[in-house]
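Trainee: Output the structure for:
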Amino acid sequence: MRITRRFGVEIEVVHADTVSVGKPAIQRRAHAALQTGGVSTIVRRAALSRSHGGSTPATYRVEPDATVDAEIVSPPMRDTDTLNEVMRILSADGFGVNTNCGQHVHIEAINAAGTRMSFPDLRRLFAIWAHFEPTIETLVAPSRRNNHFSRRIATHTYTQGTAASQALAAPNFQGLSDDFSPGKFYAVNIRPFATRGTIEFRLHNGTLEANKIEGWIRLCAAIMDRSQSATDIEVQQVIDSGDRSLAALVALVGDGAVDAVATPAPSTRHLIRRRRSPLNRPPSFRSQVFAFLDEQAYEPATTVRARAGEAVRDMRSRPSIIPGAWEHDSRRVLQIIAQWRTERLRDLRGLTVAVGDTAPVVAPASSLGHVGPLLEVLEARAAFLANLSKPSRRSVAV
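Mentor: Here you go, the predicted model:
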């Protein structure tokens, strides 16, 4: 099926044999299965690259991921023919999905006429999504709705009732980003717009069913198309109507939404049954910390340095960069940070990461580039908390 814009897909999968053979072996297995099936793939030991695909335009990448067994990253493409074959091969080789898996879609911010999205277009995109967010969430599995890796854009700063209007009135790109997509893990991630020229949609649940992801890609592309063709007045009229129904969404964005609306999301009963499956393992605390640190590696250097400075200035209160859950197990956090540092130093040798606002360069193997100072701050914070939690040596008479 041909899409109006170029897109790329990140397919997260799990495999029942991971417990016995480990994730690296499962990633090699996915690579071998795809290669045998005639799909060009490469294996990456680290997932810190910014681009989709491998060394050639038609190459898929098999990468590690902190919360699932493997992630298959597609090259940029305009139709889903090869993607359908990839999903068929993975399914036939025993790969599956669970509630930890997501399906991330990057869609090019250039329409069929070759016009790049402007800032007013981006405002309309976020306004449309914020208005219909409760409805769009009904199209995906309950496990993906406002979870840690696909947070709602309309609840960060404003209430649901006013978020769409606020997005439409955003004064500049930074304001729109800060209020509706302040981090990578939001349903609509605006960060790749500046670096890749894409918008990332992270809400969809993991799936190896081609019809589901095709409908989702068409829906997201249709919303982007409408953001470029509509006026602010037209979008505001939809917001003022208060109608968030599926019919209103289809009426606004056109036929591109029909396939997604016609494909029901997995039922709650289906998800409950899958919780008993060996494929469905909740992410460990270590995996959550790894995912957080990996996210920082995507950040521009200036942002990471600012956050590190914030943490240094306010060491005794919890800086916003450090998740609150870490406070309860500081010694374990110290161990995990050391493990992350060791593994990523190994993985980054010869790879490129973004250490400037736009330009990727080879990261110094001794310091992890711009992430090094941040790690030092996180380690100091965790050590500070661990020291506070030590029992006093002074004996108390009873």
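
Trainee: Check what pLDDT V43 gets.
Mentor: pLDDT, V43: 82.

Trainee: so what's it up against?
Mentor: Residues near V43 by C-beta atoms under 8 Å, 6 or more residues apart in numbering: Q27, R28, H31, R61, V62, E63. Where C-beta positions appear, they are placed from N, C-alpha and C, glycine not excepted.

Trainee: Mind checking which of those land in strands?
Mentor: R61, V62, E63 (DSSP state E).

Trainee: before we move on, back to that, which of the contacts of V43 lies closest to E108?
Mentor: R61 (18.3 Å; C-beta to C-beta).

Trainee: List the beta-bridge partners for that closest one.
Mentor: Beta-bridge pairing for R61 (DSSP bridges): I42, V73.

Trainee: Report the next helix or strand after the longest strand along the chain in sequence order.
Mentor: What stands out as the longest strand in the chain, according to DSSP E, is strand 2-15. Counting by DSSP states H and E, the next helix or strand C-terminal to strand 2-15 is helix 18-21.

Trainee: Would you reformat the ones in strands among the contacts of V43 as JSON lines and include distance to N211, pLDDT and neighbour count?
Mentor: Listed next are those as JSON lines, based on distance: C-beta to C-beta, whole Å; pLDDT from 0 to 100; neighbours: other C-beta atoms under 10 Å:
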{"residue": "R61", "distance to N211": "24", "pLDDT": "92", "neighbour count": "22"}
{"residue": "V62", "distance to N211": "24", "pLDDT": "93", "neighbour count": "25"}
{"residue": "E63", "distance to N211": "25", "pLDDT": "90", "neighbour count": "20"}
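
Trainee: So, low pLDDT: which residues of this structure?
Mentor: 1, 45-57, 155-161, 255-331, 343-398 (pLDDT under 70).

Trainee: out of the contacts of V43, what pair is the most spread apart?
Mentor: Top of the distance list for the contacts of V43 (C-beta to C-beta): R28 and R61, 13.1 Å.

Trainee: ok so, going back, now, among the ones in strands among the contacts of V43, which is nearest to G242?
Mentor: Once C-beta to C-beta is applied, the member of the ones in strands among the contacts of V43 that ends up nearest G242 is E63, at 42.7 Å.

Trainee: Show me how the chain divides into domains.
Mentor: Domain assignment for the chain, taken from automatic domain parsing, gives 2-274, 285-388.

Trainee: This structure: strands as residue ranges?
Mentor: 2-15, 41-43, 60-63, 70-73, 77-79, 95-96, 103-108, 188-189, 198-201, 352-354, 360-362.

Trainee: Check which helices and strands the first one sits against.
Mentor: This points to strand 2-15. Under the contact criterion of 3 or more C-beta pairs under 8 Å, 6 or more residues apart in numbering; DSSP states H and E, strand 2-15 touches helix 23-36, strand 70-73, strand 77-79, helix 81-92, strand 95-96, strand 103-108, helix 210-229.
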